[in-house]
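**Q** Sequence and predicted structure are below.
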Amino acid sequence: MKIIVRGNQAFTLVEVIMAFCMAGIMSGAFLFGYTVSVRRSEWTSCSLAAQAMAMRRMEQVVDATWIPAYGVDQLVNSNFPPQADYLALPTQQTNLVNVTNFTSITTVSTTPPLRMIRVDCVWNFFGFWISSNKSGVFSNTVITLRAPNL
């Protein structure tokens, strides 16, 4: 004759509390990862928009007329003052990102004539966990060399 004793088949209170703690830790880790990835994607979109604005300003500067043989020189710093604007992002009016383009033109050589054009697009992004930059100010730079028009 067999005697069958059925034991209680349930979880203990310690097991239930441990399961809830592990679920809470995992949920917190997923939320943290999601938050960091969203902020990083926002920073990346700002950086790409700032690079496009720096390139646009560079195209304006490179288009200036410079013909030393005829005394025509529009490629000087005073013709390109700092330019303040907003980043071209698909955003609402509450989260605009200010940007300023700084242009500097320096003479590299006079024979042959050659100038260096540098455009710095400075913008601020007050995110967290982006990089070691704690100030929130970033810049995108475009540099090129230019010879005179023929």
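**A** Thanks, I have the structure now. Residues are numbered from 1 along each chain as shown.

**Q** Any buried residues in the helix-or-strand element of the chain with minimal mean pLDDT, and which?
**A** Least confident helix or strand, the chain: strand 83-86 with a mean of 90, by mean pLDDT, DSSP states H and E. Within strand 83-86, the residues that qualify as buried are 83, 85, counting by 16 or more other C-beta atoms under 10 Å. To be clear about C-beta, it is placed using only N, CA and C from the backbone, and glycine gets the same treatment.

**Q** what helices or strands is that strand leaning on?
**A** When contacts are defined as 3 or more C-beta pairs under 8 Å, 6 or more residues apart in numbering; DSSP states H and E, strand 83-86 sits against strand 98-110.

**Q** Could you export the helix or strand following the strand it packs on as CSV, CA atoms only?
**A** Later in the chain than strand 98-110, the nearest helix or strand by DSSP states H and E is strand 113-124. Output of strand 113-124 as CSV, limited to C-alpha atoms (Å, rounded to 0.1, in the frame of the first residue of the first chain):
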residue,chain,number,x,y,z
PRO,A,113,47.2,83.3,-53.6
LEU,A,114,45.5,80.9,-51.2
ARG,A,115,43.1,81.4,-48.3
MET,A,116,41.8,79.1,-45.6
ILE,A,117,38.1,79.3,-44.8
ARG,A,118,36.9,77.9,-41.5
VAL,A,119,33.2,77.8,-40.4
ASP,A,120,32.4,76.8,-36.8
CYS,A,121,28.8,76.0,-36.1
VAL,A,122,28.4,76.3,-32.3
TRP,A,123,25.3,74.9,-30.6
ASN,A,124,24.1,73.8,-27.2
